[in-house]
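below is the sequence, then the predicted model.
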Amino acid sequence: MQIYTSKEIKEADANAASFGMDTFTLMENAGSGLYRALAPLLSKRDTIAVLSGKGNNGGDGIVLARYLKLNGYKADLIFPLGPPQTKEAAQHFSYFQSCGFEAAPFDREKHYDWIADGLLGVGTRLPLRDDLAEVTDWINTRKAKVAAIDVPTGVAGDTGDADPHTIHADYTFSLHGLKPSSLLFPSSTYFGETKAVGIGLPHTSKWKVWSEEDVIRSLPERSGNVHKGTFGTGLLVAGSDDMPGSAALAAIGAMRMGIGKLSVFTESGARNVIATLVPEATYLKRDFSKRLNDLGQKFAGVAIGPGIEPDEQLESFIHGVLKEPLPVVLDAGALHKRAYPKRTAPVVLTPHPGEFSRMAGIPTGQIASDRLRLASAYAQEHGVIVVLKGQYTVMAFPDGSGYVNTTGNSSLAKGGSGDTLTGMLLANICTYANIKEAVANAVYIHGACADLWIRENGSATLTAHEFSRLLPKVMHQLETAAKDAGKAPGLGNGDRFIKR
Ligand SMILES: NC(=O)C1=CN([C@@H]2O[C@H](COP(=O)(O)OP(=O)(O)OC[C@H]3O[C@@H](n4cnc5c(N)ncnc54)[C@H](OP(=O)(O)O)[C@@H]3O)[C@@H](O)[C@H]2O)[C@H](O)CC1
Ligand SMILES: [K+]
């Protein structure tokens, strides 16, 4: 599912119009697409209110109401704010009337099984005016199932802002593609199950939701004439005498994810703890004052940061590593406000919002409602890949493209889960040819493990070290699906997603 800002949608519409595909036709496509998406959820006995506003979101509702009535559903088209005001919505209302139908009065006492919300779409300017808020409040106090058209009324298209009177939708059908607000907070909590509905426009977005199909398509082939060298040797710079566990979790994540060989560069006290947990790795005694030479020849990738306190020595070590021609993951103690040198191998930064706030100098409060844009701006300005963690982890690339992940859940909000991800990322940057796929698959699979955990064990009980035990199960399902010519195992999102 691709993601579009309001500006991009307007550009796509204008481009289509310049070739004769006008807004009237797109509205027809939107309404018929909405009908095809909604009808399988309905019974012919259901009563349906289609509430249309004065703009083109209301126009989509008018077309939907026509398809419902033409197909024998008990649908009322209602204009609670008055008749349509845009040219195309008015034309569609005339056509609706020409089919022998009329709009119904807004009867607040009438019961409906379903309400389709065509009040406001991406033309929303917050806050909601009082007359509209009164209607959204009415909807929110009904027992009816609510299906929102494009976005639930009360959220805007591009940011996470939400009016206090926003409609709580059970389903949202987003036209052409998803809107950023369906993946931001707090707006996304109003969308319910969300699906993109095509309206006949070509897909041009640089941003998409990374899906299970994408993972299956891009899993690297591991069979044939292979040896441990085939899957790369990674260097993990992690752990300290006070925080040995972080290095252990990252090391296990890397080994489980399929790295060929792993060297751990750590403090001697930490090594004694970790070596018993990860006997597969080799260990180097850490001294940041000594430069590690020829990293690019010895290692396929390096990850630095879990369980290390930042200091000047670490910073100068990182500067040395960034001069070497190999992919680098920087996490936790290695995340800092700094300039990045121009280099050919990628740098992957994995901040949570607090770390991103410090790196980018943006107040934490602003990050949740605008993560896609902020991460993308940072990635493009610094020439790095930003993996901005949290629900809907954002992966922003230096070329302005990006992915959003929809797997994962609140069980990951625990110490240690980020360390495991760093190890998984290290494994993938060492074993994948395509860096975007390497990053996105690590993030997706990390979240899929957490989803599997809560299905079987509830949301509170996950610990990071148990987490790695889920990796074989999830990987087995994905690899089987990949061999099975793309048959999805149903771990996460397909063409729709929902957050619990
Ligand atoms: N390519 C596509 O995806 C297409 C999508 N379509 C649909 O069109 C809408 C966008 O339509 P637009 O007319 O631009 O805007 P809206 O219908 O969302 O909103 C405009 C009306 O809303 C009123 N408004 C705005 N903010 C408020 C508010 N805070 N309180 C009350 N009312 C508000 C505004 O009134 P004004 O008096 O302020 O002008 C308008 O009446 C998109 O979401 C899709 O559903 C097209 O059908 C085809 C192409
Ligand atoms: K709407």
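Done, it's in. Ligands and ions are numbered 1, 2, ... in the order given.

state the pLDDT value of the residue lying farthest from the centre of the chain.
Here the centre of the chain is the reference, and by CA atoms, centre = their mean the most remote residue is Gly100, at 43.9 Å. Per-residue confidence (pLDDT) for Gly100: 98.

again, but for Arg371
Per the predicted model, pLDDT is 96 at Arg371.

what about the residue in the stretch 301-450 of the chain positioned nearest to ligand 2, how many residues nearby?
Nearest residue of the stretch 301-450 of the chain to ligand 2, counting by CB to the ion: Ser369, 19.1 Å away. Any C-beta I mention is one placed from the backbone N, CA and C, and that applies to glycine too. Look at Ser369: counted by other CB atoms under 10 Å, it has 20 neighbours.

neighbours of the nearest residue to it once chain neighbours are set aside, how many?
Leaving aside its chain neighbours, Ser369 sits nearest to Gly160 (3.1 Å; criterion: CB to CB, 6 or more residues apart in numbering). Look at Gly160: counted by other CB under 10 Å, it has 24 neighbours.

got a list of what Gly160 touches?
Pro180, Ser181, Leu184, Phe185, Pro186, Ser187, Ser188, Ala368, Ser369, Asp370, Arg371 (CB atoms under 8 Å, 6 or more residues apart in numbering).

among these, find me the one that's closest to ligand 1.
Checking these against ligand 1 by CB to the nearest ligand atom gives Ser181 as the nearest, at 11.2 Å.

give me the distance between the residue nearest to that closest one when sequence neighbours are not counted and ligand 2.
Leaving aside its sequence neighbours, Ser181 sits nearest to Ser187 (CB to CB, 6+ apart; 4.1 Å). According to CB to the ion, to the nearest Å, Ser187 and ligand 2 sit 12 Å apart.

for Leu132, see how far away Ser187 is.
17 Å (CB to CB, to the nearest Å).

more crowded one of the two?
Between Ser187 and Leu132, counting by other CB under 10 Å, Ser187 is the more crowded of the two (27 against 21).

if we can go back for a sec, ok, the contacts of Gly160 vs Pro202, which is closest?
Checking these against Pro202 by CB to CB gives Pro180 as the nearest, at 20.0 Å.

surely the closest one meets Lys7?
No - proximity of Pro180 to Lys7 does not meet the contact threshold set by CB atoms under 8 Å, at 11.1 Å.

what do the two both touch?
Common neighbours of Pro180 and Lys7 (CB under 8 Å, 6+ apart) are Asp158.

neighbour count winner among the two?
Pro180 (26 against 11).

ramachandran angles for the more buried one?
Per-residue torsions, Pro180: phi -50, psi -30 (degrees, to the nearest 10).

any idea how far it is from Ser174?
11 Å.

before we move on, what about Leu41?
Applying CB to CB to Leu41 and Ser174 gives a distance of 16 Å.

what helix or strand is Phe467 on?
Element membership of Phe467, judged by DSSP states H and E, is helix 464-483.

wait, a helix at Ala275?
Yes - under DSSP: H, G, I helix; E, B strand; the rest coil, Ala275 falls within a helix.

pretty sure Ala345 is touching Val329, no?
No - distance between Ala345 and Val329: 11.3 Å, which falls outside the contact criterion (CB under 8 Å).

which one's more surrounded, the two?
Val329 (33 against 15).

ok so the more buried one is a strand residue?
Yes - with three-state DSSP as the criterion, Val329 is assigned to a strand.

tell me which residues in stretch 198-218 are buried?
Buried positions in stretch 198-218, judged by neighbour count with 16 or more other CB atoms under 10 Å: 199, 201, 205, 207-212, 214-216, 218.

and stretch 69-88, is it in reach of ligand 2?
No - applying CB under 5 Å from the ion, one finds stretch 69-88 out of contact with ligand 2, separated by at least 12.6 Å.

can you tell me the distance between the two ends of that stretch?
Stretch 69-88 stretches 20 Å from its first residue to its last (CA to CA, to the nearest Å).

what about the stretch 101-250 of the chain, any weak spots by pLDDT?
222-230 (pLDDT under 70).

do a quick rundown of the helices in it.
For the stretch 101-250 of the chain, the helices defined by DSSP state H, counting those that start in this stretch cover 130-140, 212-218, 244-257.

taking helix 464-483 as reference, get the angle to the longest one.
In other words, helix 244-257. On the basis of axes from the mean of the first three to the mean of the last three CA atoms, to 10 degrees, helix 244-257 is oriented at 10 degrees to helix 464-483.

output the contacting helices and strands for helix 244-257.
Helices and strands touching helix 244-257, by 3 or more CB pairs under 8 Å, 6 or more residues apart in numbering; DSSP states H and E, are strand 233-237, strand 261-266, helix 268-277, helix 417-431, helix 464-483.

regarding this protein, what is its longest helix?
helix 435-457 (DSSP state H).

mind listing what's buried in that one?
When burial is assessed from 16+ other CB under 10 Å, helix 435-457 yields the following buried residues: 435-454.

so what does Lys74 look like in phi/psi?
In terms of degrees, to the nearest 10, the main-chain angles of Lys74 are phi -90, psi 80.

wait, isn't it in contact with Thr47?
Yes - between Lys74 and Thr47 there is a contact under CB under 8 Å: 4.9 Å.

please enumerate the strands of the stretch 251-400 of the chain.
With DSSP state E, counting those that start in this stretch as the criterion, the stretch 251-400 of the chain has strands at 261-266, 282-285, 301-304, 328-330, 347-349, 385-388, 394-396.
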